[in-house]
Structure formats: C-alpha cells, structure tokens
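1. this one's structure only:
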C-alpha cells in the first residue's frame, strides 16, 4: 500500500508540474488552475500518508536522511499550496512539486536502514520547529531565485514566459521578506528549544549541526537587519538569502549525509 500510494503521489506531482510548465506559455488564466491545485492537493494528501508510514516505525520515529527529506518537502509543498490560494505563487510549483516527488520516492527505496528512536515531547517540539523553519527557508530560497531571474529579465526587457506570470517585483520582495521573518522566528524558537530540551547540545554528533545552525541564524539576522536599517533589496537580498540557506542545508542534511550514509553512524 505504501509503495502504491507514494507512486501515485509522485505521478500527481509530476502531472501538476507539467501543467504549470504549460501555463507559462498559455498564461495563468487558461482555466487549468483549479485542476492543477486539485492534483497538487491530491499528491499532498497521498504524500502525507507516505510520510507518516515511513516516519512511524515500531521502535519509534525514524528521522533518517531520506524520511526527513520527504517530510520537509511535504511541508514545503503544503505551505506553497496554501499560499497560492492568496498570492500569485503558482510558479513555485515547478520547483517544489518535483522535489516532493523525488524525496517521497527516495524515502521508500530501502537504501537507508531504519533508525527509529523514541523521542520525548519537548524534543519532538524542537524537531518540529526546526523542520518548519527549514521548510520556510526552502521556500524563501526558491523565491530568491525567482526574484533574481525576474529582476534580470526586467533589466533586459524580457517580459514573457515566467516573468510575465510572476507578481510585481515589489510584491515578490515583500513576500520574500515575510517568509524570511517567519522562518527566522521559528529558527530562533528552534535554537531556544534545543538549549532547553536537547541533552548535551554540543555533543560530538550535534556540535557541527548546532554551530552551522547558529551561523545561519546570524546570516539571516544580518540580512533582516540590513533590510530594516539599510534597505537591502535585489541582488544583495538574494545572495544573503541563498547564503543562509546553504549553511542551514549543511546543518540539516550535511551532517546526516556524512554520519548516516557515509560513516554509517546513527
């Protein structure tokens, strides 16, 4: 059942991505928006079932590399789907849906040995805050890439295709910083909850993850401060956003990749 559900979810994600890609040439008002969102919502529900089955194991919760990747992609897909109902963010589907499909499929391949462990309530809260923060920063990274492309295209007077279907540049920047602020608040709460609930936060297997997370927090703090006090925007905002995301990605997945897949250390 898990395999079938995940395959159908990946197929729905792929169809929704293809439809959105087609809409770049036909325009956002081609009448297929409702069908696209229904496909995305269906994929999201099926993917959620897959995530639940993969994470919940007899010995506890499996927070291995691929299950966590699938969970984050699922949260990102859900956030983008909900946000697209209020804002013109459909083009984010092109990047988010394929990522969700790939991570869902990788989580059921059996490449990685299950690493289920029991977790206390406070630690689960810390993990959820961390995952939500990372999901929002993932969305902000995609938004930053689109913002960079939009700014470059407008500078060269290319106003067709992707650029034509995006919100105005000022709205894109406002959406980017709204997402960054939400992610920054959650990341701050995650770091605080880590100090409170995680025993020996600077243990051997957590020191680098903690250090990189703090560095990412500093990067985002400088970016948001630069926006508020110095009016940072455009390429400066994009570079700092992507820089912070890369550091945070290394914190979340770099350590898991090295410890779990290369060194085979739980």
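-> Nice, I can see it. The structure displayed is predicted, hence computed values, not measured ones.

2. contacts, neighbours, all on C-alpha from now
-> OK.

3. contacting residues around stretch 1-17?
-> By Cα atoms under 8 Å, 6 or more residues apart in numbering, the residues outside stretch 1-17 that reach it are 36-37, 39-40, 42-44, 46-47, 49-50, 53, 93-94, 97-98, 100-102, 104-105, 108.

4. Now do the buried residues in it.
-> Residues of stretch 1-17 classed as buried: 5-17 (neighbour count, 16 or more other Cα atoms under 10 Å).

5. Mind putting those into a markdown table with secondary structure?
-> Putting the buried residues of stretch 1-17 into a markdown table (DSSP: H, G, I helix; E, B strand; the rest coil) gives the following:
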| residue | secondary structure |
| --- | --- |
| 5 | helix |
| 6 | helix |
| 7 | helix |
| 8 | helix |
| 9 | helix |
| 10 | helix |
| 11 | helix |
| 12 | helix |
| 13 | helix |
| 14 | helix |
| 15 | helix |
| 16 | helix |
| 17 | helix |
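
6. As a markdown table, the residues you listed with distance to residue 228 would be great.
-> Formatted as a markdown table, the buried residues of stretch 1-17 follow (distance: Cα to Cα, whole Å):
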| residue | distance to residue 228 |
| --- | --- |
| 5 | 46 |
| 6 | 43 |
| 7 | 45 |
| 8 | 45 |
| 9 | 41 |
| 10 | 41 |
| 11 | 43 |
| 12 | 41 |
| 13 | 37 |
| 14 | 39 |
| 15 | 41 |
| 16 | 37 |
| 17 | 36 |
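
7. Determine which two of these are furthest apart.
-> Spatial extent of these (Cα to Cα) is set by the pair 5 and 17 at 18.3 Å.

8. returning to what we had before: narrow the contacts of stretch 1-17 to those that are buried.
-> 36-37, 39-40, 42-44, 46-47, 50, 93-94, 97-98, 100-102, 104-105, 108.

9. what element comes up after the helix or strand containing residue 133 heading to the C-terminus?
-> Assigning secondary structure by DSSP states H and E places residue 133 in helix 121-155. Using DSSP H and E, the helix or strand that follows helix 121-155 in sequence is helix 169-197.
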